[in-house]
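Enquirer: have a look; sequence and predicted model below, questions after that.
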Amino acid sequence: MKDYIKFLKENVSKYRNRIIAASVLSLVSMFFILLNPLITRVLIDSVLTSRNFSVLNKVIIFIFTFTIVNSIVHFIYSYSLNRIFLSLGLDIKKKIFKHIVKLDLLVTKKMSVGEINFRIFNDSDLLKQSFGQIMFGGLFNVILLIIIFIYMFTISSVMTIFVGVMNLIQVPIIIYFTKRIRAITYERKVVTEATLNRTIEVISSFHLLKGCNNEKSEIDKFDKNNEKVLDKQIKEANLNLLFTEISSVIMSCIGFGSIWIGGNFVINGIITMGELISFLLVANIINSPINSIVSVITGLQDALSSTKRISDVMKLENSIIQSNDCIKVMHKIVDEITIKDLNFSYDDGKEVLKDINLTVKKNTICSIIGRSGAGKTTLCLLIARFFDPSSGEILLDDVNIKDIDVDTYRKSVGIVLQNSFLFSGSIRENILLGKSDATEEEIIEAAKLANAHEFISELEDGYWTQIGSKGRNLSGGQLQRIALARIFLQRPQIVILDEPTSFIDSESEELIQESINKLKEYSTIFVISHKLSTVKGSNKIVVLNNGRIEESGTHLQLLEKEGEYSKLYRKILA
Ligand SMILES: Nc1ncnc2c1ncn2[C@@H]1O[C@H](COP(=O)(O)OP(=O)(O)OP(=O)(O)O)[C@@H](O)[C@H]1O
């Protein structure tokens, strides 16, 4: 509850003036709700019974005017309320997204894409809804209910007690159905979300699906998941239907009962016909505020859970701790990059990298090789400062990268992964990610250096070709060359290439190798590769084995040593 109130204060205060205005409109709207039964009462008792035509005309003109004003007030009220809560929902979404994208890799890896999505979209919507329900659904409906009961009492206390008791009987039924419907709606959302995530995963790793010949099992899973969604949807619809029918029976009973009691009172002259009809009109609207109040009570639990889930994400902190006096200007490497006595373990405490000592000269290529799980990617991620070493340091000449502002440092690091990820959009937009203000000449020059200009120019729309999500219209080699063009445009001091030539044909491999060699002019390159062409030409080869540097040197030096490299060379590289 503390988190919820804090969240409410933080996010709603910005809309204070608009909320006050909407509250005033809400009170006016409430007044109009009650005006209808009042006018009806006057119309029947004072106008119709006395056959007063001139007053009848005036009352009709008044009703007409009041209907128009009521519609305008209701429109403005609903419009302002919608704006407040839609904006509030967007604010919460923006806040969570901004926080998540600023988190480092280690922290975000703790949550699945589905979990993150759920918090950004579902939880923020639930919170937005609950704020609306509590402020307007709750508070104003309590006021409305009190006013309605006072008005009914002024007509007949017996009839009011009857309506009150009948509604009290209805309350547990409303609570039961509201809770059940909420629970089933939540379950439906969770199952739908899981189905959607699985579908996205399958579609985005199509080659894996085909490679494993797993289509049948995925089709079965898709069918089963969707059947689960359907089951929840049917349950939800049935509960809603049942609730509506039961409510309508109870409301009819209240109506008939009131007509019977009120009818007797009219016959006996205790109340007038106008009072009876006015009472019936008011009794008829009582259901709506009761439903809203119950929704607030039952929905509060969901709102609290959503607040907790959102707060849990907002409390996540980066593992990288930055000092206030960090260097804001990137150090220009003069001589070399040195890794000194570096050790690293992930959260589980298992040491993944042990006692790493390595020096790589500026503008050279350092290949990192080793068996799967040896720690190659982890070492490169540490160099890119996706997280910090448990102990030891990474130095640019004599400057520890920990002393440089993270954002400044990362701008000086370019990364190309095995399966280059491109965003949907044009080739041009994807290259521009390397330097958003680059000129046309710079883009073309970068593409030429990456050996990508030729194939891009041959495409019908050239640099404006839309490449679709993950670059599905291009070959693996073409994707890699676009990723390299991005790097050439960025001209980072350090480049990390993780298996850049895997899964591509030998022609593309040659072109990529050629551009990697050109890249050396601008950057110091760390490359993880199993391809002989890449490894052989490097200035330094580092062999990692079980988290330790087993040996390092040039291709020929290592072959002469007859150690792990020559074994790997014969086994994998040859
Ligand atoms: N986020 C993580 N949390 C915990 N352990 C991890 C994490 N990422 C990697 N590891 C573990 O760290 C070790 C080194 O992994 P890493 O990915 O660096 O190896 P690699 O040499 O690049 O392997 P590959 O060639 O298969 O990609 C492995 O034992 C791996 O299971």
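Expert: Nice, I can see it. Numbers count the residues shown, from 1 in each chain.

Enquirer: return the residues in contact with the one residue sitting closest to the centre of the chain.
Expert: Geometric centre of the chain, nearest residue: I120, 3.1 Å, by CA atoms, centre = their mean. Neighbouring residues of I120 by CB atoms under 8 Å, 6 or more residues apart in numbering: K93, I96, F97, I100. To be clear about C-beta, it is placed using only N, CA and C from the backbone, and glycine gets the same treatment.

Enquirer: can you list the strands that whatever helix or strand E551 lives in pairs with?
Expert: Per DSSP states H and E: E551 is located in strand 548-553. For strand 548-553, the paired strands and their directions (DSSP bridges) are strand 540-545 (antiparallel).

Enquirer: tell me if the strand it pairs with is near the ligand.
Expert: No. Residues of strand 540-545 contacting the ligand under CB under 6 Å from any ligand atom: none, with a closest distance of 6.5 Å.

Enquirer: which other residues reach that strand?
Expert: 358, 360-361, 364-371, 374-376, 379, 535, 549-555, 558, 563-565, 568.

Enquirer: packing partners of the helix or strand where I487 lies?
Expert: Using DSSP H and E, I487 falls within helix 476-490. When contacts are defined as 3 or more CB pairs under 8 Å, 6 or more residues apart in numbering; DSSP states H and E, helix 476-490 packs onto strand 413-416, helix 427-432, helix 440-449, helix 453-458, helix 506-519.

Enquirer: kindly reformat those as CSV and extend each row with mean pLDDT and distance to the ligand.
Expert: As requested, the helices and strands packed on helix 476-490 are exported to CSV (pLDDT from 0 to 100; distance: least, CB to the nearest ligand atom, whole Å):
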stretch, mean pLDDT, distance to the ligand
strand 413-416, 86, 14
helix 427-432, 87, 25
helix 440-449, 89, 28
helix 453-458, 88, 29
helix 506-519, 76, 18
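
Enquirer: export the ones you listed as CSV, with columns for mean neighbour count.
Expert: Shown next, in CSV, are these (neighbours: other CB atoms under 10 Å):
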stretch, mean neighbour count
strand 413-416, 24
helix 427-432, 22
helix 440-449, 18
helix 453-458, 16
helix 506-519, 18
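
Enquirer: which of these sits closest to S247?
Expert: helix 427-432 (53.7 Å; CB to CB).

Enquirer: show me where pLDDT drops low in the protein?
Expert: 106-109, 133-137, 205, 207-208, 211-212, 418-421, 468-473, 501-507, 572-574 (pLDDT under 70).

Enquirer: sorry, back to before: between the helix holding I487 and helix 440-449, how many degrees?
Expert: 130 degrees (axes from the mean of the first three to the mean of the last three CA atoms, to 10 degrees).

Enquirer: buried sites along helix 476-490?
Expert: For helix 476-490, a neighbour-count test (16 or more other CB atoms under 10 Å) marks 476-490 as buried.

Enquirer: and if you look at stretch 39-51?
Expert: Buried, per 16+ other CB under 10 Å, within stretch 39-51: I39, T40, R41, L43, I44, D45, V47.

Enquirer: out of these, who's nearest A22?
Expert: So of those, ranked by how close each gets to A22 (CB to CB), first place is I39, at 25.6 Å.

Enquirer: the helix or strand encompassing the closest one: what's the following helix or strand?
Expert: I39 belongs to helix 16-42 when assigned by DSSP H and E. Per DSSP H and E, the first helix or strand lying C-terminal to helix 16-42 is helix 53-102.

Enquirer: that following helix vs helix 16-42, what angle?
Expert: 150 degrees.

Enquirer: helices or strands next to helix 53-102 in the packing?
Expert: helix 2-12, helix 16-42, helix 124-132, helix 287-314.

Enquirer: tell me the angle of the second one relative to helix 2-12?
Expert: Inter-element angle recorded for helix 16-42 and helix 2-12: 90 degrees (by the same axes, to 10 degrees).

Enquirer: again, but for the longest one
Expert: Computed with the same axes, to 10 degrees, the direction of helix 287-314 lies at 100 degrees from that of helix 2-12.

Enquirer: could you do the third one as well?
Expert: Direction vectors for helix 124-132 and helix 2-12, defined by the same axes, to 10 degrees, enclose an angle of 90 degrees.

Enquirer: and I337, what element?
Expert: strand 336-345.

Enquirer: show me what secondary structure element comes after that strand.
Expert: As the chain continues past strand 336-345, the following element, by DSSP H and E, is strand 351-361.

Enquirer: quick one: that next one near the ligand?
Expert: Yes. Interface with the ligand: strand 351-361 contributes V352 (CB under 6 Å from any ligand atom).

Enquirer: partner strands of that strand, parallel or antiparallel?
Expert: Sheet pairing for strand 351-361, using DSSP bridges, gives strand 336-345 (antiparallel).

Enquirer: so what touches the partner strand?
Expert: Counting by CB under 8 Å, 6+ apart, 351-362, 375, 378, 382-383, 389-397, 494, 524 sit against strand 336-345.

Enquirer: mind listing what's buried in the helix or strand where Y565 lies?
Expert: Assigned by DSSP H and E, Y565 belongs to helix 564-568. Of all the residues in helix 564-568, those buried under the rule 16+ other CB under 10 Å are E564, Y565, S566, L568.

Enquirer: what helices and strands are in contact with that helix?
Expert: Using 3+ CB pairs under 8 Å, 6+ apart, helix 564-568 is in contact with strand 365-370, strand 540-545, strand 548-553, helix 555-561.

Enquirer: what about I63, distance to the ligand?
Expert: 69 Å (CB to the nearest ligand atom, to the nearest Å).

Enquirer: ditto for N70
Expert: 60 Å.

Enquirer: related to what we said a few turns ago, list the buried residues for the strand holding E551?
Expert: Under 16+ other CB under 10 Å, the buried positions of strand 548-553 are I549, E550, E551, S552, G553.

Enquirer: now swap in stretch 168-180 and tell me
Expert: Q170, I174, F177, T178, K179, R180.

Enquirer: for the last one, what are its contacts?
Expert: What it means is R180. By CB under 8 Å, 6+ apart, the neighbours of R180 are L239.

Enquirer: alongside the ligand, which residues does the protein contribute?
Expert: Residues of the chain lying near the ligand (CB under 6 Å from any ligand atom): K109, Y346, D348, V352, G370, S372, G373, A374, G375, K376, T377, T378.
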